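Visitor: Sequence and predicted structure below; questions after.
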Amino acid sequence: MTEKPDSKIDFPAILASSVHDIKNSLGAIRALIAELATQHQELAGKNDFIQLEYEANRMNNSLMQLLILYKIDRKRFQISIDEHSTLDILNEIVAQQADLLALNNIQLETACPEDLYCFCDAALICNAIGTILNNAQRYAHKRILLSAYRQDEYVAFSIEDDGEGYPEAFLNMPPRAKNMQIDYHTGSTGLGLYFVAIIAEMHGNGHKKGLILNDNHSSLNVGGARFILFLP
Amino acid sequence: MKLKLKTKKILLIEDYAVMRKTIREMLYALEAHAIVEAENGTAAITAMGKTRFNIVLCDYNLGPGKNGLQILEEARFRKLLPFNAIFIMVTAEQDPGMVLGAMENKPDDYLTKPFTAQQLYSRLERHIQRKKVLANIERELERGNLALAIFYCDKLLQTNGKKMRTQLMKLRAELAITVSDFSAAKTIYEEILEQREINWARLGLGKIFLLQGEIPDATQTFQNVIAENPMMMEAYDWLARTYEAADESADAQEILHAAVDLSPQAILRQKHLAVIAERNGNTDVAKNAYETVIKLGKNSVFKAPADFSGLAKIHHKTGTEIEALKVLDNMRQAFPNDPEAELRSATLETEIYLKINEKELSEQAYRRAFELHTKMANLVPKDLNIDMAKACYINDDADKADAILNNLVKNNIDDDEFIAEIKAMHQSLGMDNHADSLIKKTRQTLVDINNRGVSLFKQGDLQQAINLLEKAIEKMPDNKTIILNMLKILLHDSKANGSSLKKLAQIQHYIDRAVKLGSAREKIGNIRMEFNKLLLNHNAKTSAHD
C-alpha cells in the first residue's frame, strides 16, 4: 500500500498546537473568573465559585502536562536541576493548595526537617506533587499528610491520606499500565500519575533515577493511600 | 515570622487593571503602602528612573511595547535597580524558566499566573531572606570591590552552614573567574561535580578551559553539555566563542544558528550570528539574522544603529541597492537626530549612490559624512571609522582616510580581528596591502615599548618605566595592552613603595579607561582585585593615623 505524501499529518503537532490554543482560551476564562471575584465579593467565598476556579485550574494543569510531555517527546524539554530547600518546596505546594483544601474541610499537615536539601527542578516537582495532592483530596476523609525526609540516597516526598486507599486491582497492575489507567468512575485519565512518573524518571544522579511508589500503608489510617516520590 | 512590607517600595507592572487590583490587595494585606503601578514598559522604566524600588513584580506579557524581559534587560543595563532589589517575573507559562530562562538576564524568580496570596507571600519572604544573606556581597559587587565581595562570600561559606551553600559556591566560583583565579574556581566546580552532575558546574569547567586557552578541552566540554542539555542556550554561546578562539568561524556560525533556531528571542545572540555570518560571507544567514535583530530591537535597550547599517551593507553587497537605501531610511526613523545613525547612513550612501550612478547624491552624502565625522570627533565607534575611511577613499580624499586609519591601527594594533577588518576594507577597494607597512611599523613600536618597559621594570627603575608608558599612551591613547601594562607597573609601585591618594587616583583612572575600551573582564578583574587590596590598606593606615 502506498501512502500519499499529503496524507501524512503530524497528529501530535496538531494536537499540541490545539492544546496550546485551548490553554490560551482557558487563560482568558480564568482571568474572567478572577475579575468576577473582585467585582462581586459576595461570590468569592461561595463553594460553587471555588469549585469553578478549581476545575479551571485542573484543566490548565492537565493541558500544561500534555504540553510538557509533548516537548519531552520532541526532545525540546529539559529539566533544570539545582539544589533547593525541601521545606521551600513543601511551603510552595501548601500555598498553592491551601484555599481548596480549606473548602473541602481537609486538614493538610506537613512534616519536613529544616536542613533537608534536594536536587531537583523545583517548579516541576511542585507541579507534580500538586497533582498527586489534588488526587488525594478527592479520596481523603479529613486529613492529608505531606512529608519529606531522607531515605538512603534519596529524598522522599510522601503524600498520605485517611481514605479507603487504592483499589487492589490498581496496585497489582504493572507500573506503566498503572500510570495510564483510565478510571471512568472518577473521570481520571491517569495522566497525572503518568506525568509524575516521567518527571521522576528525568531526575537522575549517576546511575540512579527518580521513581514513584503507591501502596496502602498510610500512617493516617489503616489501608489509606500512600504515594511516595523518590528523588536521587 | 510574619512578613511585613511596610518599608518596601514596590513597583507593580501589569497591563490588566483587574489583575493589578488583585495583586495590590494582596500587598496591602502585608501592610505595603508604597506601591507604584505601571501599565506598560515605558511607564515602568520611567518609574524606576525616579524611585529606587526594593521589589518589582512584572508581568511578562504586556501587550504591544516592551515585554517583561525587555524591561528587566533595560533596568539591569541602565542600573535602575538597587543591588538588593527583588525582581519577580509573572507569567502564564508553566515552565517559564525554560521558555524565558534562555535569556542572558534572569529575574530572581518566576511566578505562574494565577497565584494565591499565600504563594506571593512565601516567595517574597524567601527572597527577602536570601537577599539579606547576600547583602554584603552584592553591595560590594555593585561598588566594584571584588576583594571585599570575595571576603564576604568566603565568610558566609564558613558560617552559613548548609543553607544556600551550593548557591554560594556557585557565586564564589564566578567571582574567582572574574579575578582570573582559575584554580580556585576549578576546585569548587570539581567539588560539586564529585557529588553529582550539575550542568552549570560542568559549564564552569568549560569556561575555565577556554579562558586558559585549552581549546580542545573547552570544545569537548561544551559539546558534552549541549548533548546532555540541548536547551541550555548559554552552552551554545560558549561553544561559539571557543570555535571563534580557534578561528573556526564556520563552526561558530553553525552552532549559533542551531541556538537561534531553538530560542529565537535572544537579541544579542542574533547579533552575534549576524556578525559572524557576515564575516564568513554567508549573506543569506547574515541578512536573516540582522532582520531578526531589528525586529527584536524595536523595544529593546540593545537596539543599535549598527544593526541597520549591517543589514544595509549586505543589501549593498548582494546588489539590492534600493533595499539598502530603504534600510538606512528606517534607521533614521528609528534613531531620530542621532549623529551616529546619521553618520552611518551618510558613509554608506556615498558608496551606494556611486554604485547606482547617482554621482551628485553620492557627493552630497560624503559632505554630510565629513561634517558629522568632524563634529563627533572621538565619539565615532571604531567600526564606523573604517566605513568613514572607505568613504574618504571613494571620494579621493586619501589623506583624510589615511589619517583615520593611522589612529585606528595605533589604538587597535593588538586586536587581530579588527586589523583584519581594516585589511578587508582595503581589499574591497583593490588597495591590497595598503596598510601593511603601517601595521608592521606600529606593531614594532608596540613591541619596543613593551620590551623597554619590561627591562626598566626588571632593573627596578619603576619611575622610568612609568614615564615611558605615559608617553606611549599619549601617542596611542586607546591601546589596551599599554594601559594594562601601565596598570601592572603602577600597582607594583604602590605595593613596593607605598601608595598615596594621587597614585590611587591614577590607577583608578586607568582602570576606568581599560573598562571603557572593553578590556576582557578576566584581564581587568585581577587588577581590580589588587587595587581593592591597596585601597583597603590605604584606608586602614590613614584611619590609624587619626
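Guide: In hand now; what should we look at? Numbers count the residues shown, from 1 in each chain, chains lettered A, B, ... in the order given.

Visitor: The helix or strand containing B:Asn537: which residues count as buried?
Guide: B:Asn537 belongs to helix B:521-545 when assigned by DSSP states H and E. Along helix B:521-545, the positions that meet the burial threshold by neighbour count (16 or more other C-beta atoms under 10 Å in any protein chain shown) are B:Ile524, B:Gly525, B:Asn526, B:Ile527, B:Arg528, B:Met529, B:Glu530, B:Phe531, B:Asn532, B:Leu534, B:Leu535, B:His538. For glycine as for every other residue, the C-beta is placed from the backbone atoms N, C-alpha and C.

Visitor: Stretch A:150-159 now?
Guide: Going by 16+ other C-beta under 10 Å, stretch A:150-159 has these buried residues: A:Tyr154, A:Val155, A:Ala156, A:Phe157, A:Ser158, A:Ile159.

Visitor: Quickly find the element holding the fourth one.
Guide: What it means is A:Phe157. With DSSP H and E as the criterion, A:Phe157 is inside strand A:154-161.

Visitor: sorry, back to before: can I get the buried residues of stretch A:150-159 in CSV including distance to chain B?
Guide: As requested, the buried residues of stretch A:150-159 are exported to CSV (distance: C-beta to the nearest C-beta, whole Å):
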residue, distance to chain B
A:Tyr154, 13
A:Val155, 12
A:Ala156, 17
A:Phe157, 18
A:Ser158, 21
A:Ile159, 19
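
Visitor: Please tabulate those in JSON lines, including the columns pLDDT.
Guide: Putting those into JSON lines (pLDDT from 0 to 100) gives the following:
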{"residue": "A:Tyr154", "pLDDT": "95"}
{"residue": "A:Val155", "pLDDT": "96"}
{"residue": "A:Ala156", "pLDDT": "96"}
{"residue": "A:Phe157", "pLDDT": "96"}
{"residue": "A:Ser158", "pLDDT": "95"}
{"residue": "A:Ile159", "pLDDT": "94"}
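
Visitor: Adding distance to B:Glu31, write those residues out as a markdown table.
Guide: Output for the buried residues of stretch A:150-159, formatted as a markdown table (distance: C-beta to C-beta, whole Å):
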| residue | distance to B:Glu31 |
| --- | --- |
| A:Tyr154 | 42 |
| A:Val155 | 36 |
| A:Ala156 | 38 |
| A:Phe157 | 34 |
| A:Ser158 | 37 |
| A:Ile159 | 35 |
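
Visitor: how much space between B:Leu354 and chain A?
Guide: Look at B:Leu354 and chain A: by C-beta to the nearest C-beta, to the nearest Å, they are 49 Å apart.

Visitor: Same check on B:Thr187?
Guide: Relative to chain A, B:Thr187 is positioned 18 Å away (C-beta to the nearest C-beta).

Visitor: how many neighbours does that residue have?
Guide: By other C-beta atoms under 10 Å in any protein chain shown, the residues close to B:Thr187 number 13.

Visitor: Which helix or strand contains the residue in the stretch 301-450 of chain B positioned nearest to chain A?
Guide: The nearest approach of the stretch 301-450 of chain B to chain A comes at B:Phe302, 24.6 Å away (C-beta to the nearest C-beta). Here B:Phe302, judged by DSSP H and E, is contained in no helix and no strand.

Visitor: Which residue comes closest to it once chain neighbours are left out?
Guide: Among residues not flanking B:Phe302 along the chain, B:Ile267 sits closest, at 5.1 Å (C-beta to C-beta, 6 or more residues apart in numbering or on different chains).

Visitor: With A:Asp115 instead?
Guide: Closest to A:Asp115 by C-beta to C-beta, 6+ apart is B:Lys162, at 5.5 Å.

Visitor: would the one you found count as being in a helix?
Guide: No - for B:Lys162, which was evaluated using DSSP: H, G, I helix; E, B strand; the rest coil, the result is coil, with no helix membership.

Visitor: hmm, back to that, verify the contact between the residue nearest to B:Phe302 and B:Gly297 for me.
Guide: Yes - with contact taken as C-beta atoms under 8 Å, B:Ile267 and B:Gly297 are classed as touching, separated by 6.0 Å.

Visitor: mind listing what B:Asn385 touches?
Guide: Remark: with contacts taken as C-beta atoms under 8 Å, 6 or more residues apart in numbering or on different chains, B:Asn385 is in contact with B:Ile404, B:Asn407, B:Leu408.

Visitor: Just give me the neighbour total for residue 146.
Guide: Answering for chain A, as no chain was given. For A:Leu146, the tally of surrounding residues (other C-beta under 10 Å) stands at 22.

Visitor: try again with chain B
Guide: Applying other C-beta under 10 Å, we find 23 other residues in the vicinity of B:Leu146.

Visitor: Out of the contacts of B:Asn385, which sit inside helices?
Guide: Taking DSSP state H, the ones among the contacts of B:Asn385 that sit in helices are B:Ile404, B:Asn407, B:Leu408.

Visitor: ok, those residues vs B:Leu171, which is closest?
Guide: B:Leu171 lies nearest to B:Leu408 out of the ones in helices among the contacts of B:Asn385, by C-beta to C-beta, at 39.2 Å.

Visitor: so what's that closest one closest to, chain neighbours aside?
Guide: Distance criterion C-beta to C-beta, 6+ apart; nearest residue to B:Leu408, sequence neighbours excluded, is B:Asn385 at 5.6 Å.

Visitor: Repeat that for B:Asn412.
Guide: Distances taken as C-beta to C-beta, 6+ apart put B:Phe418 closest to B:Asn412, at 4.7 Å, once the chain neighbours are dropped.

Visitor: so what's the backbone phi/psi at the one you found?
Guide: Listed backbone geometry of B:Phe418 is phi -70, psi -40, with angles given as degrees, to the nearest 10.

Visitor: Give me every residue in chain A lying close to chain B.
Guide: Chain A has residues A:27, A:30-31, A:34-35, A:38, A:57, A:64, A:67-68, A:75-78, A:80-83, A:85, A:88, A:91-92, A:94-96, A:98-99, A:115, A:117, A:119, A:123-124, A:127, A:205-206 near chain B, with proximity defined as C-beta under 8 Å from any C-beta of the partner chain.

Visitor: Now, the residues you listed that are in strands?
Guide: By the criterion of DSSP state E, membership of these in strands covers A:Asp82, A:Glu83, A:Ser85, A:Tyr117, A:Phe119, A:Asn205.

Visitor: now the residues you listed in CSV, with neighbour count and pLDDT?
Guide: Putting those into CSV (neighbours: other C-beta atoms under 10 Å in any protein chain shown; pLDDT from 0 to 100) gives the following:
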residue, neighbour count, pLDDT
A:Asp82, 16, 88
A:Glu83, 20, 91
A:Ser85, 19, 92
A:Tyr117, 19, 93
A:Phe119, 18, 93
A:Asn205, 17, 90
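
Visitor: Name the nearest of those relative to B:Gln119.
Guide: Using C-beta to C-beta, A:Ser85 is the member of these that lies nearest B:Gln119, at 15.9 Å.

Visitor: which residues in chain B form strands?
Guide: With DSSP E as the criterion, chain B has strands spanning B:9-13, B:34-38, B:55-59, B:86-91, B:109-112.

Visitor: of all these, which gets the most neighbours per residue?
Guide: Highest mean neighbour count of these: strand B:55-59, a mean of 25 (counted as mean count of other C-beta atoms under 10 Å in any protein chain shown).

Visitor: Can you list the low-confidence ranges for chain A?
Guide: Within chain A, the stretches with pLDDT under 70 are A:1-7, A:174-189.

Visitor: residues contacting the residue nearest to the spatial centre of it?
Guide: With distances taken as C-alpha atoms, centre = their mean, the residue of chain A nearest its centroid is A:Thr131 (1.9 Å). Contacts for A:Thr131 were tallied using C-beta under 8 Å, 6+ apart; they are A:Asn61, A:Gln65, A:Gly192, A:Phe195, A:Val196.

Visitor: quick revisit: out of the buried residues of helix B:521-545, which are close to chain A?
Guide: Intersecting the buried residues of helix B:521-545 with the contacts of chain A gives an empty set (criterion: C-beta under 8 Å from any C-beta).

Visitor: No more questions from me, cheers.
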